[in-house]
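Engineer: Provide a 3D model corresponding to the input given below.
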Amino acid sequence: MTLLAVSVLLALLAGAGVVHPLWARRAALIGDVAAGDVLDAEARRRVALASLKEVEYDYAAGKLDDADYRALRDRLGAEAMRAIRAADRLRGIEAAALPDIAVAHGCGFVNPPRSRFCAGCGARLA
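Structural biologist: Down below sits the predicted model:
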């Protein structure tokens, strides 16, 4: 009889150990890590940079002529900068402290901020 009581007690304790995390999770508040407007701004930033990268790949593959490439690059570059500054402003980073995207002298390849050399042609950036 004592063995049965101890077995039942151990089974109840094991069951409580398994069920407790599930029960506690149900009672927990679920919320976003960041505010919705910050998440939206980050998403716009990622999409703008991905679009700019896609234009670079299309031009390198010969799918775009020079005029279309320059028009798309200028438009998407400006849109990417607006999205980056908006995302940084919402995250609390001062947009004025960020350097503009560096553009190489001859090839026009758009490089990340603080780049010392162009990723398109290898020229030294000022």
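
Engineer: Give me the neighbour count for R82.
Structural biologist: 14 (other C-beta atoms under 10 Å). Any C-beta I mention is one placed from the backbone N, CA and C, and that applies to glycine too.

Engineer: Name all residues that make contact with it.
Structural biologist: Residues counted as contacts of R82 (C-beta atoms under 8 Å, 6 or more residues apart in numbering) are A48.

Engineer: Relative to R116, how far out is it?
Structural biologist: 25 Å (C-beta to C-beta, to the nearest Å).

Engineer: Can you list the low-confidence ranges for the protein?
Structural biologist: 25-35, 93-111, 113, 126 (pLDDT under 70).

Engineer: element containing the spatially most central residue of the chain?
Structural biologist: When C-alpha atoms, centre = their mean is applied to the chain, the residue found nearest the centroid is R46 (5.4 Å). Secondary structure assignment for R46, by DSSP states H and E: helix 36-60.

Engineer: cool, and K63?
Structural biologist: Judged by DSSP H and E, K63 forms part of no helix or strand.

Engineer: Could you report the neighbour count for it?
Structural biologist: A count of nearby residues for K63, using other C-beta under 10 Å, gives 11.

Engineer: can you check L39 too?
Structural biologist: 14.

Engineer: try D68
Structural biologist: 13.

Engineer: and it, how far is that from E79?
Structural biologist: 16 Å.

Engineer: what ranges do the helices span in this protein?
Structural biologist: 2-27, 36-60, 66-91 (DSSP state H).

Engineer: G122: which of those helices is closest?
Structural biologist: Among these, the nearest to G122 by C-beta to C-beta is helix 36-60 (14.4 Å).

Engineer: All good on my end, thank you.
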